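Quick one: sequence and predicted model below, then my questions.
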Amino acid sequence: MANLKVFRTPAGFHDAYVAAPSQKAALKAWGSEADLFARGIAEKVTDPKLMEKPLAKPGVVIKVSRGSAGDHFEAAETRSPPDRGRRNTRRAAKEDQAEATVAPVARKPKKTNPRPSRAKLDAAGKAVDQASANLKAGLADIDARMRALDAERRTLQAEGDKRVTKLEADRDRARREYQARLEKWARS
């Protein structure tokens, strides 16, 4: 992925970092349908130390804890407790119970646009790798056969040249003998 940027958004006691080419891609990686950038919840990261891990795994959400477990417990203890003064009445208790039962349960919305499957991409990559390996093996086989044929050709050429040279010498000797006999015949 070219031109990657690193983005961050809070996620509970962690910060969720992701290296992505755009804010839209970062939102998709976080699984958010809301524009966290427009709401000021997400931001672009420019600190090189914070960018290292996300850039090593583009598109993967990297969670980094904000503080230690002790820091988290301390923050929880220093919060002011809810007002319990009105719990002394039955009416207040009923109101609290009614509020608790009426309040809608926050559920994670169903993703209407699920992340695409990599299955076809992975299968196509494996097919390319297999075809490349088959091509390489086929070419290596042809090269080996060509080397063997070349060696056979050189052997045949050497043996053929030797035989032709011997036969030419025999022919030349036969021609000389014929010429000598023909001259002898012509004189007689």
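Everything's here; your move. Numbering: from 1, shown residues only.

can you list the domain ranges for this protein.
5-79, 141-188 (automatic domain parsing).

which residues of this protein fall in strands?
5-11, 14-20, 43-45, 62-65 (DSSP state E).

ok, and which of those strands has the densest surroundings?
Highest mean neighbour count among these (mean count of other CB atoms under 10 Å): strand 14-20, with a mean of 21. Glycine gets a C-beta too; all of them are placed from N, C-alpha and C.

Indicate each strand paired with that strand and its parallel or antiparallel sense.
Partner strands and pairing direction for strand 14-20 (DSSP bridges) are strand 5-11 (antiparallel), strand 62-65 (antiparallel).

what does it contact?
Outside strand 14-20, the residues within contact range by CB atoms under 8 Å, 6 or more residues apart in numbering are 1, 4-10, 26, 28-30, 45, 50-51, 53-55, 57-66.

one step back: as a markdown table, the strands paired with strand 14-20 with distance to residue 136 and mean pLDDT would be great.
Formatted as a markdown table, those follow (distance: least, CB to CB, whole Å; pLDDT from 0 to 100):
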| stretch | distance to residue 136 | mean pLDDT |
| --- | --- | --- |
| strand 5-11 | 39 | 92 |
| strand 62-65 | 38 | 89 |
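
Make TSV from those and add distance to residue 183 to it.
As requested, those are exported to TSV (distance: least, CB to CB, whole Å):
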stretch	distance to residue 183
strand 5-11	103
strand 62-65	106
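
Distance-wise, check residue 116 relative to residue 133.
28 Å (CB to CB, to the nearest Å).

what does residue 35 give?
46 Å.

try residue 68
From residue 68 to residue 133 the distance is 51 Å (CB to CB).

any idea how far the longest helix seen in the chain is from the chain center?
As assigned by DSSP state H, the longest helix anywhere in the chain is helix 119-187. From the chain centre to the centre of helix 119-187 is a distance of 47 Å (CA atoms, centre = their mean, to the nearest Å).
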